[in-house]
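**Q** Quick one, fold the following:
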Amino acid sequence: MSLETVPASTACPSYPPALYAAVHTGNPGDAAYYQRAAAGARSVLELGCGYGRILEALTELPALEVHGLDRDPGLLELAAQRAPKALLARGDMRRFELDRRFDRVFIPYNGVYCLASEADFLEMLGCVRAHLEPGGLLVFDAYAADAFHEEAEDDDGWDEPTLVKTVRALGDTWDVYERSRWDRDAQRIDARYTHVAQKDAREVEAAIPQRYLRTTELTELLQRGGFDLVALQGGFDQVAYDESAPLFIAIATPIGAEE
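**A** Okay, here's the model as predicted:
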């Protein structure tokens, strides 16, 4: 493992690493999907690699060089333990320089929603394009917000906390409550998590602000960032995206890249 210090992102605020890892465990089938997406590649870079959940699956593939980048040093420490074969760097997915190119760049599990603005998303695309081999692929998944954005009623404040999970971490059992606030015009959802320890009722607060994307925006945004949308899938079984899909997976390649 090697850690390279580059400017850290302020897109997603700090979250206690052990609690984040216990609460945010991904979507069923995503690790196997990214293993399949790496087929034929010699090298892959995961942006927003967190505590190494996807990296671990990728390092199981023979002859694949696996790199991960994240801004949170605590999560990178967990990733180093979970995926010791991966090469790790600390940095911002909008502006990093690893002095090499990759066959695949992956951004799993809503990672693109940590980009706080359209400008941030386009900046990330430019940086990814500079790090992809000719004919390489960018693959990212996120929850689908199209129907929600069009049909939900405007939010005028924080909703009531809801118990979403009970987890083990830091030697205790925690009840995890979530509440959120929505800004339709900004396409922003602020999620707050309150972790309540069952032993002594102490609380740990954490927040994840998100700016979601609508799939109707993707083709134009990707093209503005120098990419063609190759496929838009609606699940980790690789079905085509439609309005009933709970998430989308975008696969894109640099415009004009030569094989």
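
**Q** Could you pull out the strands in the chain for me?
**A** Using DSSP state E, the strands of the chain run over residues 43-47, 65-70, 87-90, 102-107, 132-143, 162-169, 172-183, 188-197, 203-211, 227-233, 247-254.

**Q** for these, which one sits closest to residue 220?
**A** strand 227-233 (9.5 Å; C-beta to C-beta). Placement of C-beta: from N, CA and C, glycine included.

**Q** re earlier: which among the strands of the chain is found nearest to residue 20?
**A** strand 203-211 (7.3 Å).

**Q** can you give me how far that closest one is from the chain middle?
**A** Distance of strand 203-211 from its chain centroid, counting by C-alpha atoms, centre = their mean, to the nearest Å, is 15 Å.

**Q** Pull the residues that contact that strand.
**A** By C-beta atoms under 8 Å, 6 or more residues apart in numbering, the surrounding residues in contact with strand 203-211 are 11-16, 19-20, 110, 113-117, 174, 186-197.

**Q** Need the strands of the chain in a markdown table (columns: distance to residue 57).
**A** Formatted as a markdown table, the strands of the chain follow (distance: least, C-beta to C-beta, whole Å):
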| stretch | distance to residue 57 |
| --- | --- |
| strand 43-47 | 10 |
| strand 65-70 | 10 |
| strand 87-90 | 16 |
| strand 102-107 | 11 |
| strand 132-143 | 14 |
| strand 162-169 | 21 |
| strand 172-183 | 24 |
| strand 188-197 | 25 |
| strand 203-211 | 23 |
| strand 227-233 | 18 |
| strand 247-254 | 16 |
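
**Q** Output the below-cut-off pLDDT ranges for this structure.
**A** Scanning the chain with the threshold set as pLDDT under 70 gives 1-14, 152, 154-156, 257-259.

**Q** again, only using 80
**A** Low-confidence segments of the chain, defined by pLDDT under 80: 1-14, 151-157, 257-259.

**Q** Domain boundaries for it, per the record?
**A** Using automatic domain parsing, the domain parsing of the chain gives 17-144+214-254, 148-211.

**Q** before we move on, back to that, selection in ChimeraX covering whichever of the contacts of strand 203-211 are buried, please.
**A** Buried residues among the contacts of strand 203-211 (16 or more other C-beta atoms under 10 Å), as a ChimeraX selection:
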select :11,12,15,16,19,20,110,113,114,115,116,174,187,188,189,192,193,194,195,196,197
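
**Q** Among the domains of the chain, show me which one is buried the most.
**A** Highest mean neighbour count of the domains of the chain: domain 17-144+214-254, a mean of 19 (counted as mean count of other C-beta atoms under 10 Å).

**Q** Next, the distance between the ends of it.
**A** Start-to-end span of domain 17-144+214-254 (C-alpha to C-alpha, to the nearest Å) is 34 Å.

**Q** How about stretch 206-226?
**A** Note: stretch 206-226 ends 35 Å apart using C-alpha to C-alpha.

**Q** How about stretch 33-41?
**A** End to end - C-alpha to C-alpha - stretch 33-41 spans 14 Å.

**Q** who touches it?
**A** 44, 54, 57-58, 60-61, 64, 102-104, 106, 108, 137, 139, 141, 236, 238, 249, 251.

**Q** And stretch 246-256, by the same measure?
**A** Taking C-beta under 8 Å, 6+ apart as the rule, stretch 246-256 contacts 27, 33, 37, 129, 132, 134-144, 215, 218, 222-223, 226-236, 238, 241.

**Q** could you check the distance from the closest residue to residue 60 other than its chain neighbours over to residue 66?
**A** Excluding its sequence neighbours, the residue lying closest to residue 60 (C-beta to C-beta, 6 or more residues apart in numbering) is residue 35, at 7.2 Å. Counting by C-beta to C-beta, to the nearest Å, the gap from residue 35 to residue 66 is 11 Å.
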